[in-house]
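**Student:** build me a model:
(one chain, ligands or ions: 1)
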Amino acid sequence: MINEKMAGLGKKRSVIREIFEYAKLRKAEIGAENVFDFSIGNPSVPTPKAVTVALERLIKEKDPVALHGYTSAQGDLGVRQSIAKHIESKFDFKADPNLIYMTCGAAASLTICLNAIVNAGDEVIVLAPFFPEYRVFAEKAGAKLIEVLCREGDFQIDFTALEKAINAKTKGIIVNSPNNPTGAVFSEETVIKLATLLNKKQAEYGTYIYIIADEPYRELVYDMSVPYIPKYYNNTLVCYSYSKSLSLPGERIGYIFVSPNANNSGEVYAAVCGAGRSLGFVCAPSLLQYTVGECADVLPDLTVYRKNRDLFLDALTEYGYTVVPPDGAFYLFVKSPEEDAYAFCDRAKKYEILLVPSDDFGCKGYVRICYCVETDQIKRALPKFKALMEEYK
Ligand code: PLP
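**Tutor:** Have a look, this model is predicted:
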């Protein structure tokens with residue numbers, strides 16, 4: 001007898017992947033230029049030059065045996081030192097390379113962290129709307145997922161709802177800012193309030209509640225800064241990824257940073273290493289580790305994303321759509337003009353516009369638009385969005 005739950009997961013793709021696969025088929029049928037695919041967060045800007053230069057140089061100059069060989073399970077020490085230095089200079093926060101663990105991207109970081117902290121019967125809170133894979137990762141780690149809806153309108157944390165959801169079984173809370181799918185960034189005020197609440201609850205229950213800060217979009221922020229959570233709350237594990245910031249999603253590279261101020265940080269780090277080991281992550285890809293080690297300070301060029309965001313936001317608002325103005329990431333969260341977001345997405349399909357309904361993000365009645373696409377695709381899609389809205393008038 002196989003594991004039926006795993007077979008179920010394998011047979012049923014996530015709604016995002018489902019639309020992504022449909023888009024591929026449709027593009028083959030009617031031509032890529034006729035499909036307006038806003039489904040998946042695959043960065044559209046090329047990898048920064050500094051990264052390709054570093055990659056080429058490493059391939060040409062580094063001893064190939066070392067370059068392609070295993071590193072330590074937690075990652076090459078030199079790479080971790082370079083990342084620790086980056087954290088210290090960027091956030092003015094003390095970072096120990098021996099609390100950094102290199103991973104295959106944020107997905108791996110999240111699974112490892114969840115397995116590191118969760119015991120059977122524990123609860124993990126997610127702030128809805130949330131990245132749907134959180135459910136898969138948390139449940140596999142043995143946690144019960146507890147959803148807490150954010151405030152409608154600005155999608156900041158609803159503290160009354162959050163406080164009600166925390167109890168003695170709460171082991172962690174996943175915080176994703178800038179957020180997929182809303183683009184919301186949690187302000188410093190929100191982060192301070194969150195830290196105060198969690199400290200109060202830890203004291204009340206005599207437990208540790210960890211923040212898992214899922215940060216693949218940290219660098220994708222337009223006009224504000226993203227508070228660095230370890231500065232505000234001690235029991236924090238940062239899950240960073242280079243997928244979006246350096247346009248390297250297929251290369252699978254990121255890291256976990258356990259705050260040195262976490263209670264028993266050494267033990268937490270050991271649990272991270274143990275979870276990585278038990279999940280079969282022998283080490284993160286060596287070539288990519290060395291590359292990000294050399295490019296730890298490289299930032300993405302946001303010109304295109306900013307332009308796409310403004311173009312979309314202005315036009316959709318003019319056509320009568322309600323859009324949550326995003327401060328970061330590369331997503332627009334748009335209220336569906338009809339209650340059923342699936343029905344709206346089906347109607348959009350008639351115009352060859354592919355959107356993701358919000359239901360699987362734990363929040364009904366919206367659609368997510370990824371604007372990490374060629375600007376020209378947006379320009380050509382706008383009249384179709386206008387006609388689509390006309391159907392509701
Ligand atoms: N977390 C969020 C919020 C995401 O949007 C994604 C990918 O889209 C991930 C994690 C996984 O990122 P990675 O490609 O680094 O595994």
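
**Student:** residues contacting the spatially most central residue of the chain?
**Tutor:** Centroid check for the chain by CA atoms, centre = their mean gives P216 as the closest residue, at 4.6 Å. When contacts are counted by CB atoms under 8 Å, 6 or more residues apart in numbering, P216 touches G105, A106, N180, C239, Y240, S241, S243, K244, S245, G254. (C-beta placed from N, C-alpha, C; glycine too.)

**Student:** that's a helix at I192, yeah?
**Tutor:** Yes. Assessed with DSSP: H, G, I helix; E, B strand; the rest coil, I192 lies in a helix.

**Student:** separation between it and the ligand?
**Tutor:** For I192, the distance to the ligand (CB to the nearest ligand atom, to the nearest Å) stands at 22 Å.

**Student:** just confirm yes or no for stretch 372-392 near the ligand.
**Tutor:** No. Contact of stretch 372-392 with the ligand (CB under 6 Å from any ligand atom) is absent, the minimum separation being 10.3 Å.

**Student:** now that stretch: average pLDDT?
**Tutor:** For stretch 372-392, the mean pLDDT works out to 97.

**Student:** contact partners of stretch 156-166?
**Tutor:** Everything outside stretch 156-166 that qualifies as a contact, by CB under 8 Å, 6+ apart, is 125, 127, 146, 148-151, 184, 186-187, 190, 193-194, 197-198, 201, 209.

**Student:** do stretch 189-208 as well
**Tutor:** The contact list for stretch 189-208 (CB under 8 Å, 6+ apart) reads 156-157, 159, 162-163, 166-168, 170-171, 173, 175, 186, 209, 211, 227, 229, 232-233, 235, 263.

**Student:** change it to 7 Å
**Tutor:** Taking contacts as CB atoms under 7 Å, 6 or more residues apart in numbering, the residues outside stretch 189-208 that touch it are 156-157, 159, 162-163, 166, 168, 209, 227, 229, 232-233, 235, 263.

**Student:** now which of those would you call buried?
**Tutor:** Neighbour-count burial (16 or more other CB atoms under 10 Å) applied to the contacts of stretch 189-208 gives Q156, I157, L162, I166, I209, P227, I229, Y232, Y233, N235.

**Student:** and the next helix or strand past the strand or helix carrying the third one?
**Tutor:** When you say that, I think you mean L162. L162 belongs to helix 159-165 when assigned by DSSP states H and E. Next along the chain after helix 159-165, taking DSSP H and E as the criterion, comes strand 170-175.

**Student:** give the buried residues for stretch 170-182.
**Tutor:** So for stretch 170-182, counting by 16+ other CB under 10 Å, buried means 170-182.

**Student:** now stretch 291-303
**Tutor:** Across stretch 291-303, burial judged by 16+ other CB under 10 Å covers T291, V292, G293, E294, C295, A296, V298, P300, L302.

**Student:** who's the closest residue to the ligand within the stretch 251-393 of the chain bridged to?
**Tutor:** The minimum distance from the stretch 251-393 of the chain to the ligand, using CB to the nearest ligand atom, falls at G254 (5.2 Å). For G254, the beta-bridge partners are T103, S241 (DSSP bridges).

**Student:** how about it, what does it touch?
**Tutor:** G254 neighbours (CB under 7 Å, 6+ apart): T103, G105, A106, S109, C239, Y240, S241, Y242.

**Student:** circling back: off-centre distance for the helix holding L162?
**Tutor:** 23 Å (CA atoms, centre = their mean, to the nearest Å).

**Student:** near the ligand, which residues of the stretch 151-300 of the chain?
**Tutor:** So far as CB under 6 Å from any ligand atom goes, the stretch 151-300 of the chain lies against the ligand at N176, N180, D214, P216, S241, S243, P249, G254.

**Student:** let's have those in JSON lines, adding distance to Y319.
**Tutor:** Shown next, in JSON lines, are these (distance: CB to CB, whole Å):
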{"residue": "N176", "distance to Y319": "29"}
{"residue": "N180", "distance to Y319": "24"}
{"residue": "D214", "distance to Y319": "32"}
{"residue": "P216", "distance to Y319": "30"}
{"residue": "S241", "distance to Y319": "34"}
{"residue": "S243", "distance to Y319": "32"}
{"residue": "P249", "distance to Y319": "31"}
{"residue": "G254", "distance to Y319": "37"}
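
**Student:** which pair in these has the greatest spatial separation?
**Tutor:** For those, the farthest-apart pair by CB to CB is N176 and P249; their separation is 16.1 Å.
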